[in-house]
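Colleague: Provide a 3D model corresponding to the input given below.
(2 chains)
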There are 2 protein chains.
Amino acid sequence: MTEDYSEGIIKGSRRALAKAMSLVESSRESDFYQSQQLLLKMLPHTGNSLRIGITGSPGVGKSTLIEEFGLHLIEQGKRVAVLAVDPSSRRSGGSILGDKVRMPRLAREQNAFIRPSPSGGALGGVARKTRECMLLCEAAGFDVIIVETVGVGQSETEVSSMVDLFMVLLLPNAGDEIQGIKRGIMEVADLVVITKSDGEYVLKAEEARSRFKSALRLMLAKPNGWRPKVLTTSAVEAKGINDLWTACREFYENVERRSFLKDMRRGQSKEWLHQILNHELLRTFYHNENVLKKLPEFEKLVFEQEMLPASAAAELLKVFKTSF
Amino acid sequence: MTEDYSEGIIKGSRRALAKAMSLVESSRESDFYQSQQLLLKMLPHTGNSLRIGITGSPGVGKSTLIEEFGLHLIEQGKRVAVLAVDPSSRRSGGSILGDKVRMPRLAREQNAFIRPSPSGGALGGVARKTRECMLLCEAAGFDVIIVETVGVGQSETEVSSMVDLFMVLLLPNAGDEIQGIKRGIMEVADLVVITKSDGEYVLKAEEARSRFKSALRLMLAKPNGWRPKVLTTSAVEAKGINDLWTACREFYENVERRSFLKDMRRGQSKEWLHQILNHELLRTFYHNENVLKKLPEFEKLVFEQEMLPASAAAELLKVFKTSF
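Modeller: Coordinates of the predicted model:
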């Protein structure tokens, strides 16, 4: 397995790109060095794509919109990659995104590349690998990278910390009760997209649009100076897709005019380092032999109420520190 | 500040309890030892309360229901404590729960104690302190501890890992689109409570009830053998509150008959230890002088694309390890 995918990726080989992603997603210790070498080689070829995050609850029409949007971009001469982040449900461990082939027409395009979510789901693991897959797609010359996620749990904040532009999809008939849930999401949204604005829903979609517009007006401008926009779309009637692309370009012109893109990405790369640091620190701790030997004893003391967790933690940290 | 609150707490002094909670919630290093000593003294007096978690989006009528439920419990001769966990919004840092006095009638009761959320919101910090406040309330002889949270982000999983029974409140007219968002929450729900089942909403509430009943039937039984129940309530008409309390008692009879309560709490105390361990480990790392000295250098290398985060993380871990 000493094959070098770097040349293949740069030449645009889909096979090399897919294999490189599997390597990067691998959790085998032996694959780590090779994947780091590959990524390091790829770095000079990255950073030139538009990085767009898209989130929305199941049923909002995410796949349909991404497919229409992707096809539109391809018509404009762009190459498009779609990466999915699936925060698997905590207890069932099941996949929310479901079928791998949710975008059959886009999947058939030569200038599109669709990668489903990796199956591993350890602490910060999914997002970390998505980020590395994004870099591989950039090296492969894709102009637009779409990172897709379901608006459940933490995934949307993870994704928003790796893209330039974050899009939130909403249904026209979303009741007020869900706005509360979305509050955290709305704060990171650059574009709010009301989907399924067709047939009987056109009026509702317009109502929703003006409601969200007023709501967003009350929020502070984002640090990049961009004021979030609200759009209505219909994937079925292929309506609003061109406007969506126009809004994306406006966003980029705006942040680039303020030279904010570089700053934004600098902040993100710092956050990325910290995510990996935290992950590795915890991994090192829980794989430490001395810690593993002592852990059950302290767990018992805590349960028997003979010791408080904070004191047990202090003791276990001592064990960890003295093992070097 | 060497006052000992332990006697006051056990004697039922509200002032001592409130002061002890402030001590426990303090992030001052100098308060840590004292709060650990206090908690250790309290431990033998804990474990005898019913621990009930309640979650629901803003607008679902959480405060109103908790107030009615609390007043009902007091009528039954119980003493009730309400603790709020507020997962402050990431960017704005603002409080979602709002006003401290959301339950004016309950707050006036001698046998009720309401504690708003602590203001600090570091990694796992809020939930950790809530857990310790719960123990203090138990030592103070409260029969039922209600831990209240908003169904946003991770707080509901944190809360469900510290209570025996987890209640999810839903509006009668909640559209299908929000069920996706709630998926993670539904999996930890022991009781699903449809609120505001009054006036024109009675029919909708009943419809919602049967829909959720069918949905829950498809889910696996929880490890404690309990099959989640769905109830309708109206806080305004004080309807369903007694049934809610009956369902809670059924739950406890059920898990106690299977001797599952002890096992459940054992698992939770293990999880509690791990939460604190992770928190302390990260704190130790990011307060390490050698790490702090090297961090900016590696952040720069990562941003300049001269180094990958994973390699930078490995180097920083070496710095950390060799500093002992």
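Colleague: mind listing the strands for chain A?
Modeller: Secondary structure of chain A (DSSP state E): strands at A:50-56, A:80-85, A:112-115, A:144-150, A:165-170, A:191-194, A:229-232.
Colleague: Low-confidence regions, chain A specifically.
Modeller: Within chain A, the stretches with pLDDT under 70 are A:1-2, A:86-101, A:117-128, A:151-154, A:174-185, A:220.
Colleague: In it, spot the helix with the most residues.
Modeller: When chain A is parsed with DSSP state H, its longest helix is helix A:260-286.
Colleague: Who are the packing partners of that helix?
Modeller: Applying 3 or more Cβ pairs under 8 Å, 6 or more residues apart in numbering or on different chains; DSSP states H and E, we find helix A:260-286 packed against helix A:125-139, helix A:241-257, helix B:260-286, helix B:289-303, helix B:309-321. For glycine as for every other residue, the C-beta is placed from the backbone atoms N, C-alpha and C.
Colleague: let's see 6 Å
Modeller: Applying 3 or more Cβ pairs under 6 Å, 6 or more residues apart in numbering or on different chains; DSSP states H and E, one finds that helix A:260-286 contacts helix B:289-303, helix B:309-321.
Colleague: Which positions within the last one qualify as buried?
Modeller: Right, the one you point to is helix B:309-321. By 16 or more other Cβ atoms under 10 Å in any protein chain shown, the buried positions in helix B:309-321 come out as B:Pro309, B:Ala310, B:Ser311, B:Ala312, B:Ala313, B:Ala314, B:Leu316, B:Leu317, B:Val319, B:Phe320.
Colleague: give the contact list for the last one.
Modeller: For B:Phe320, the contacting residues are B:Phe285, B:Asn288, B:Val291, by Cβ atoms under 6 Å, 6 or more residues apart in numbering or on different chains.
Colleague: show me what contacts the last one?
Modeller: Meaning B:Val291. Listed by Cβ under 6 Å, 6+ apart, the contact partners of B:Val291 are B:Val319, B:Phe320.
Colleague: how close does it sit to B:Ile194?
Modeller: Using Cβ to Cβ, to the nearest Å, one gets 51 Å for the distance from B:Val291 to B:Ile194.
Colleague: next one: A:Ile241
Modeller: Counting by Cβ to Cβ, the gap from A:Ile241 to B:Ile194 is 39 Å.
Colleague: Who has more neighbours out of the two?
Modeller: Neighbour count, other Cβ atoms under 10 Å in any protein chain shown: between A:Ile241 and B:Ile194, B:Ile194 has more, with 28 against 21.
Colleague: looking at the sheet around the more buried one, what are its partners?
Modeller: Counting by DSSP bridges, B:Ile194 is bridged to B:Leu170, B:Thr232.
Colleague: From what I see, it and B:Ser234 are in contact.
Modeller: No - if you go by Cβ atoms under 6 Å, B:Ile194 and B:Ser234 don't touch, sitting 9.6 Å apart.
Colleague: in stretch A:29-48, what counts as buried?
Modeller: By neighbour count on 16+ other Cβ under 10 Å, the buried set for stretch A:29-48 is A:Asp31, A:Phe32, A:Gln34, A:Ser35, A:Gln36, A:Leu38, A:Leu39, A:Lys41, A:Met42, A:Leu43, A:His45, A:Thr46.
Colleague: same deal with stretch A:287-299?
Modeller: Buried-residue list, stretch A:287-299, by 16+ other Cβ under 10 Å: A:Asn288, A:Val291, A:Lys294, A:Leu295, A:Phe298, A:Glu299.
Colleague: chain center to that stretch, what's the gap?
Modeller: On the basis of Cα atoms, centre = their mean, to the nearest Å, stretch A:287-299 sits 34 Å off its chain's mean C-alpha point.
Colleague: May I have stretch A:107-119 as CSV, with CA atoms only?
Modeller: Output of stretch A:107-119 as CSV, limited to C-alpha atoms (Å, rounded to 0.1, in the frame of the first residue of the first chain):
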residue,chain,number,x,y,z
ALA,A,107,-23.7,11.7,-9.7
ARG,A,108,-23.6,11.0,-13.4
GLU,A,109,-21.8,14.2,-14.3
GLN,A,110,-18.2,14.1,-15.2
ASN,A,111,-17.6,17.4,-13.4
ALA,A,112,-19.2,16.3,-10.1
PHE,A,113,-17.8,14.2,-7.3
ILE,A,114,-20.1,13.0,-4.5
ARG,A,115,-18.6,11.5,-1.3
PRO,A,116,-20.9,10.0,1.3
SER,A,117,-20.1,10.4,5.0
PRO,A,118,-17.4,8.3,6.5
SER,A,119,-18.7,5.7,8.9
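Colleague: Run the chain-centre distance for that stretch.
Modeller: 15 Å.
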